[in-house]
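Trainee: Here is a sequence together with a model predicted from it:
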Amino acid sequence: QVQLVESGGRWVQPGGSVSLSCTASGPTFSNNAKGWFRQAPGKEREFVAAISRTGVKKYNSDSMRGRLIISRDNAKNTMSLEIYSLKAEDTAVYYCAAASNYENIPPSARAYDVWGQGTLLTVSS
């Protein structure tokens, strides 16, 4: 089964940008859709963005639309999330996840069944 490891979380000032990465081990990285989620302190985990198996289809959350880019490189077993114009409310642990049974973007967050451990992004001045 694929294992996911996030990296790139750090402290950033408001207005800055960050690139988060998700690296996978195992032979099935390219076989399914992937997504990014985040959990802010004291809040429930929320959906950020998703990308289909081929990378052709992408979907971003309404709250962050226009400020992020999701991409993947199946040859390198990696997925990235670039976030721009960071705000303090973007502070959260960011998780990458895989939806093992979906090639296209799944309709529900419940479809994601493999999760990484998360990487912390802190946005503050």
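Mentor: In hand now; what should we look at?
Trainee: so where is this structure shaky, pLDDT-wise?
Mentor: Residue ranges of the chain with pLDDT under 70: 29.
Trainee: Would you map the strands across it?
Mentor: Taking DSSP state E as the test, the strands found in the chain are 3-7, 11-12, 18-25, 33-39, 46-51, 58-60, 68-73, 78-83, 92-99, 114-115, 119-123.
Trainee: These into a markdown table, with extra columns for mean neighbour count and distance to Pro107?
Mentor: Any C-beta I mention is one placed from the backbone N, CA and C, and that applies to glycine too. Putting the strands of the chain into a markdown table (neighbours: other CB atoms under 10 Å; distance: least, CB to CB, whole Å) gives the following:
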| stretch | mean neighbour count | distance to Pro107 |
| --- | --- | --- |
| strand 3-7 | 17 | 21 |
| strand 11-12 | 14 | 32 |
| strand 18-25 | 19 | 21 |
| strand 33-39 | 24 | 11 |
| strand 46-51 | 21 | 10 |
| strand 58-60 | 17 | 10 |
| strand 68-73 | 17 | 17 |
| strand 78-83 | 21 | 20 |
| strand 92-99 | 23 | 10 |
| strand 114-115 | 17 | 18 |
| strand 119-123 | 18 | 26 |
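Trainee: Tabulate those strands (CSV), appending distance to Pro106.
Mentor: As requested, these are exported to CSV (distance: least, CB to CB, whole Å):
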stretch, distance to Pro106
strand 3-7, 16
strand 11-12, 30
strand 18-25, 17
strand 33-39, 6
strand 46-51, 8
strand 58-60, 10
strand 68-73, 15
strand 78-83, 15
strand 92-99, 5
strand 114-115, 13
strand 119-123, 22
